[in-house]
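Participant: curious how this folds, go ahead:
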Amino acid sequence: MDFSLSAVEARVLGALVEKEITTPEYYPLSLNALINACNQKSNREPVMNLDEDAVRSAVRLLNDQGLTRFASTDSRVGKYEHRLNETFNFHRHEIALLCVLLLRGPQTPGELRTRTERMYEFEDLESVHNALNLLAKREPPLVRMLPRQPGTKESRYVHLLSPAAEGQPTTAGLQGHPAHAATSESGESSNDHIATMQSELDSLRSQVAELQRQFAEFRKQFD
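Facilitator: As a prediction, the model looks like this:
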């Protein structure tokens, strides 16, 4: 198995994995829900603005590689699901790490531990390192450690499902974004809080949209 995902395919795959774990009651995802998940402004790096054609094309390519499929449900709306567990037989902590790497690019073990909390709670940094080592020792390897950047204490890890992943900007310190270069520690904390609120708002919007869809289908039965 030698995968070479585009940035859009990686985003679609990561979004499917994330929503299965964090909002299982709304999974598998309809095309509209998947588009919204891909374009979230929180917990994504970089933020994307994908349209229906881009997401549909990415799903088709992922289907061809056996990483996603059209889900069999009672809903009249077509839905999609990932097949990573079938392909790799992941443990929960492994798929949580890979999901965050797919959605946010190269990150340090410390960042990964914080950002995977909604999907899996690592006891300490050592357990994060152990899980990363498991992913790195798979055949083929799924992650690798990048050379440590000057002035940093921790090395970053990158997933290997996409050849472009190493070139993705990282949210660590927001160094790659001039508009945020002078952000203070208190400002970063505020941004994290806003990001969390935005994530919760996105989730609520998806839930409301799904409830509206279900209610519309229910009314059709009496029309």
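
Participant: for residue 86, helix, strand, or coil?
Facilitator: State at residue 86, reduced to three classes by DSSP: H, G, I helix; E, B strand; the rest coil: helix.

Participant: number of nearby residues for it?
Facilitator: Per other CB atoms under 10 Å, the neighbour tally for residue 86 reads 11. Backbone N, C-alpha and C define where each C-beta goes, glycine included.

Participant: tell me where this structure has strands.
Facilitator: Ranges of strands in the chain, per DSSP state E, are 29-30, 68-70, 79-82, 143-145, 157-159.

Participant: so can I have JSON lines of the ones you listed showing distance to residue 121 and mean pLDDT?
Facilitator: Converted to JSON lines, the strands of the chain look like this (distance: least, CB to CB, whole Å; pLDDT from 0 to 100):
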{"stretch": "strand 29-30", "distance to residue 121": "24", "mean pLDDT": "96"}
{"stretch": "strand 68-70", "distance to residue 121": "27", "mean pLDDT": "95"}
{"stretch": "strand 79-82", "distance to residue 121": "22", "mean pLDDT": "96"}
{"stretch": "strand 143-145", "distance to residue 121": "20", "mean pLDDT": "96"}
{"stretch": "strand 157-159", "distance to residue 121": "19", "mean pLDDT": "97"}
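
Participant: let's have those in TSV, adding mean neighbour count.
Facilitator: Shown next, in TSV, are the strands of the chain (neighbours: other CB atoms under 10 Å):
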stretch	mean neighbour count
strand 29-30	24
strand 68-70	17
strand 79-82	21
strand 143-145	18
strand 157-159	23
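
Participant: just put those strands in CSV and tack on distance to residue 117.
Facilitator: Output for the strands of the chain, formatted as CSV (distance: least, CB to CB, whole Å):
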stretch, distance to residue 117
strand 29-30, 22
strand 68-70, 25
strand 79-82, 21
strand 143-145, 19
strand 157-159, 17
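
Participant: do you know which of these lies nearest residue 125?
Facilitator: strand 157-159 (12.4 Å; CB to CB).

Participant: need the contact partners of that closest one.
Facilitator: Strand 157-159 is contacted from outside by 10, 98, 101-102, 105-109, 112, 132, 142-146, 165-166, using CB atoms under 8 Å, 6 or more residues apart in numbering.

Participant: buried subset of these?
Facilitator: 10, 98, 101-102, 105-109, 112, 132, 142-143, 145, 165 (16 or more other CB atoms under 10 Å).

Participant: which two in those are spaced the farthest apart?
Facilitator: Across the buried ones among the contacts of strand 157-159, the longest distance by CB to CB is 20.3 Å; it joins 10 and 109.

Participant: among the buried ones among the contacts of strand 157-159, which one has the lowest pLDDT?
Facilitator: Taken together, these show their lowest pLDDT at residue 165, with 64.

Participant: in this protein, which helix or strand is least confident?
Facilitator: Sorting the helices and strands of the chain by mean pLDDT, DSSP states H and E puts helix 185-220 at the bottom, at a mean of 57.

Participant: buried residues, stretch 31-40. List them.
Facilitator: Under the neighbour-count criterion of 16+ other CB under 10 Å, stretch 31-40 has 33, 34, 35, 36, 37, 38, 39, 40 buried.

Participant: how about stretch 124-131?
Facilitator: 128, 129, 131.

Participant: dump these to TSV, plus distance to residue 75 and pLDDT.
Facilitator: Putting those into TSV (distance: CB to CB, whole Å; pLDDT from 0 to 100) gives the following:
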residue	distance to residue 75	pLDDT
128	37	97
129	41	97
131	34	97
